[in-house]
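> here you go, sequence then predicted model.
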Amino acid sequence: MSQEPPKIKVEHLTMAYGSFVVMNDLNFEIKKGEIFVIMGGSGCGKSTLLKHLIGLKDPAKGEIYYDGENFNHAEPEQKLLMLQKFGVLYQGGALWSSMTLAENVALPLGEFTSLSQKEIRDIATLKLSLVGLRGFEDFYPSEISGGMRKRAGLARAMALDPDVLFFDEPSAGLDPISSRRLDDLILELRDSLGATVVVVTHELASIFAIADKAIFLDAATRTQGAIGNPHDLRDQTENMAVRTFLRRGEEEIPEVV
Ligand SMILES: Nc1ncnc2c1ncn2[C@@H]1O[C@H](COP(=O)(O)OP(=O)(O)OP(=O)(O)O)[C@@H](O)[C@H]1O
């Protein structure tokens, strides 16, 4: 019986800026529909790994596969098709301030599809309603809260019905309640759309709330510390750096659900 390849497979990935090696020999797989968290302390290489996964940076060594296909060695046309299946939510939400929320969400649809203006507007309205922003289509980013801006950014990331959604520090700058709502939304969207989700974060509450699987990038050893479900890692891993990170530096298990 043929087995479906993992959605994402990373093999012997070494990441570097010139001669400065950020991480050596990363190896992991992400299954379709999984929420995968990239975690670790400040400066360990989380954003750099995200950049490799979305094609903004090439590996110094190693390979990245999507659905069994080599991403870095794909022909340009093939690579473009692969890139169109990604939805990315950058740290600041990165909305255009001079455009309404509907116009922001419509932007990738206008660029990459041949849909009519009416169809584009309908899809923008639908995507905004999926993130709880029905009725806010004609608002400008400056007229809504930080949490709402993140959700609008998410609606835009979902405009082209991506297979894989990437989030760079989604809770950065949000208060704990908005952050929790965003976590709930990420879980809901994964369940309803079946998308695979990759999240960069160092927020413990988010890690425990959303991750099926997490990788710890260890800045001290410059390679992956451990990989697995964060609850299991917190309780069972022998790796002290991972344990300390997930226990917030304390021997007692922190009160997070
Ligand atoms: N463009 C660059 N050129 C050279 N070095 C870089 C560049 N971008 C990042 N670095 C270095 O690579 C390392 C990893 O950076 P990266 O931003 O990936 O870490 P991070 O884990 O995402 O950090 P943070 O949690 O603080 O955002 C750091 O030492 C950083 O200084």
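Okay, I see it. Since this is a predicted model, take the numbers as computed values, not measurements. Residues are numbered from 1 along each chain as shown.
> now what about the helix ranked longest in the chain, what contacts it?
Criterion DSSP state H: the longest helix present in the chain is helix 176-193. Contacts with helix 176-193, where a contact means C-beta atoms under 8 Å, 6 or more residues apart in numbering, come from 33, 35, 130-132, 145-147, 150-151, 154, 158, 161, 165, 167, 170-171, 174, 195-197, 199, 203, 205-206, 209-210. (Glycine included, C-beta is placed from N, CA and C.)
> for it, list every residue counted as buried.
Ser178, Ser179, Arg180, Arg181, Leu182, Asp183, Leu185, Ile186, Leu189, Arg190, Leu193 (16 or more other C-beta atoms under 10 Å).
> and stretch 14-34, by the same measure?
Residues Thr14, Met15, Ala16, Val22, Met23, Asn24, Leu26, Phe28, Glu29, Ile30, Glu34 are the ones in stretch 14-34 that count as buried (16+ other C-beta under 10 Å).
> now the end-to-end length of it.
Its first and final residues considered, stretch 14-34 spans 24 Å by C-alpha to C-alpha, to the nearest Å.
> give me the mean pLDDT for that stretch.
On average, the pLDDT along stretch 14-34 is 97.
> list the contacts of that stretch.
Taking C-beta under 8 Å, 6+ apart as the rule, stretch 14-34 contacts 4, 6-13, 36, 44-45, 48-49, 52, 57, 59-62, 190, 194-198, 212-213, 215, 217, 222-224, 227.
> please, where are all the helices along the stretch 51-200 of the chain?
76-83, 101-112, 117-130, 146-157, 176-193 (DSSP state H, counting those that start in this stretch).
> helices or strands up against the third one?
Here helix 117-130 touches helix 101-112, helix 146-157, going by 3 or more C-beta pairs under 8 Å, 6 or more residues apart in numbering; DSSP states H and E.
> what's the distance between it and the middle of its chain?
Chain-centre distance of helix 117-130: 23 Å, with C-alpha atoms, centre = their mean, to the nearest Å.
> pipe the helices and strands packed on helix 117-130 into JSON lines and attach mean pLDDT, distance to the ligand and mean neighbour count per row.
Formatted as JSON lines, the helices and strands packed on helix 117-130 follow (pLDDT from 0 to 100; distance: least, C-beta to the nearest ligand atom, whole Å; neighbours: other C-beta atoms under 10 Å):
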{"stretch": "helix 101-112", "mean pLDDT": "93", "distance to the ligand": "25", "mean neighbour count": "20"}
{"stretch": "helix 146-157", "mean pLDDT": "90", "distance to the ligand": "17", "mean neighbour count": "24"}
